[in-house]
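> have a look at this prediction, sequence included:
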Amino acid sequence: MPDYLPRSDGEFDAWQTNLMSYVSAHLADLGLQAADVTPLTAAQTVWSSVRSAHVAAQAAAESARQNKDDGRSAYEALIRPLVRRLQASPAVDDGERQAMGLTVADRTPTAVGPPLSRPVATVDASERLRHTIRFADEAAPTSRAKPAGVLGCEVWVKIGAGPTDPSELTFLGLDTRSPYVAEFDGVHAGQIAHYMLRWVNGHGEKGPWSQTVSATIGA
């Protein structure tokens, strides 16, 4: 059952004022005597006093908070131009910046390791003696973006029986943007081309091989 006493101080204060006014005016009708409400009247006086003090303290605290915020904003507005000047100054070295608690730029290039993910590929064999190979990263197959640090995608092929080892493949090219188009001579018409791809970064480091994708070379 919900408590009949209001939760907020403002609502409680209005409620108790009405209650005590009614009770005091109708003691006899309610079967009460003055002694019955004397403790409540004393408690009401204390409540009114402490609530007034609390409201005043809240107002003072809010005023102090606003003064504090205004003071900080004004101080920050003066600090920022000074810091920009110090950061741009050739007379200030990184040791001094660190001592002042300023940002020290990282001037050491971050090493980029070999690619860790694999390309996923599809082959469009709808044109005669031509395959269009579209590729994306397995971590984001719906995006055309290459993984971070990757220069491009190596495309390798074997015509005939499917490869059992990458050593059987022939290098077609390095493509920096999908798709890659493979052209074939007429002698290859009707044969099956099996493709494997891998990412390569700017240092020439290779990533893992993709799954093999295959398509017939149209005549």
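The structure has been received and is ready for your questions. Everything numeric in this text was worked out from a predicted model, so none of it was measured.
> just give me the residue closest to the centre of this structure.
Nearest to the mean C-alpha position of the chain, counting by CA atoms, centre = their mean, stands A140 at 17.0 Å.
> what's the separation between that residue and P119?
Between A140 and P119 the computed distance is 11 Å (CB to CB, to the nearest Å). (C-beta placed from N, C-alpha, C; glycine too.)
> likewise V112?
Between V112 and P119 the computed distance is 18 Å (CB to CB).
> V157 now?
For V157, the distance to P119 - CB to CB - is 14 Å.
> between these two, which one's more packed in?
Between V157 and P119, P119 has the larger neighbour count (other CB atoms under 10 Å), namely 29 against 20.
> G152 is in contact with the more buried one, correct?
No. Between P119 and G152 there is no contact under CB atoms under 8 Å: 10.1 Å.
> overlap in contacts, those two.
With contacts taken as CB atoms under 8 Å, 6 or more residues apart in numbering, P119 and G152 have W199 as neighbours in common.
> before we move on, the earlier item: next, the residue nearest to the centre of the chain: phi, psi?
phi -150, psi 70 (degrees, to the nearest 10).
> what's across from it in the sheet?
Legend: beta-bridge partners of A140 under DSSP bridges are D137.
> any idea how far it lies from V200?
According to CB to CB, A140 and V200 sit 18 Å apart.
> and H194, by the same measure?
Using CB to CB, H194 is found at 20 Å from V200.
> mind giving me the domain split of the chain?
When the chain is parsed with automatic domain parsing, its domains come out as 9-85, 119-216.
> nearest to T108, of those domains?
Closest of those to T108 is domain 119-216, at 16.1 Å (criterion: CB to CB).
> show me how far that closest one is from its chain's centre.
Offset of domain 119-216 from its chain centre (CA atoms, centre = their mean, to the nearest Å): 33 Å.
> the closest residue to F184 other than its chain neighbours - how many residues pack around it?
Distances taken as CB to CB, 6 or more residues apart in numbering place L129 nearest to F184, at 4.6 Å, with adjacent residues excluded. Using other CB under 10 Å, L129 has 15 neighbouring residues.
> and L129, what's its pLDDT?
The model reports L129 with a pLDDT of 95.
> same deal with P119?
On pLDDT, P119 comes in at 97.
> what about it, distance to R177?
Remark: distance between P119 and R177 (CB to CB) = 13 Å.
> residue boundaries of the strands in this protein?
119-127, 130-137, 150-159, 170-175, 180-183, 192-201, 213-216 (DSSP state E).
> could you dump those strands into TSV and include distance to A35?
Listed next are the strands of the chain as TSV, based on distance: least, CB to CB, whole Å:
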stretch	distance to A35
strand 119-127	89
strand 130-137	86
strand 150-159	90
strand 170-175	98
strand 180-183	100
strand 192-201	92
strand 213-216	97
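> need the contact list for the residue of the chain most remote from its centre.
Going by CA atoms, centre = their mean, the residue of the chain most distant from its centre is A28, 69.2 Å out. Under the criterion of CB under 8 Å, 6+ apart, A28 has no contact partners.
> now do the contacts for G218.
Each residue near G218 by CB under 8 Å, 6+ apart is listed here: 125-130, 189.
> all good on my end, thank you.
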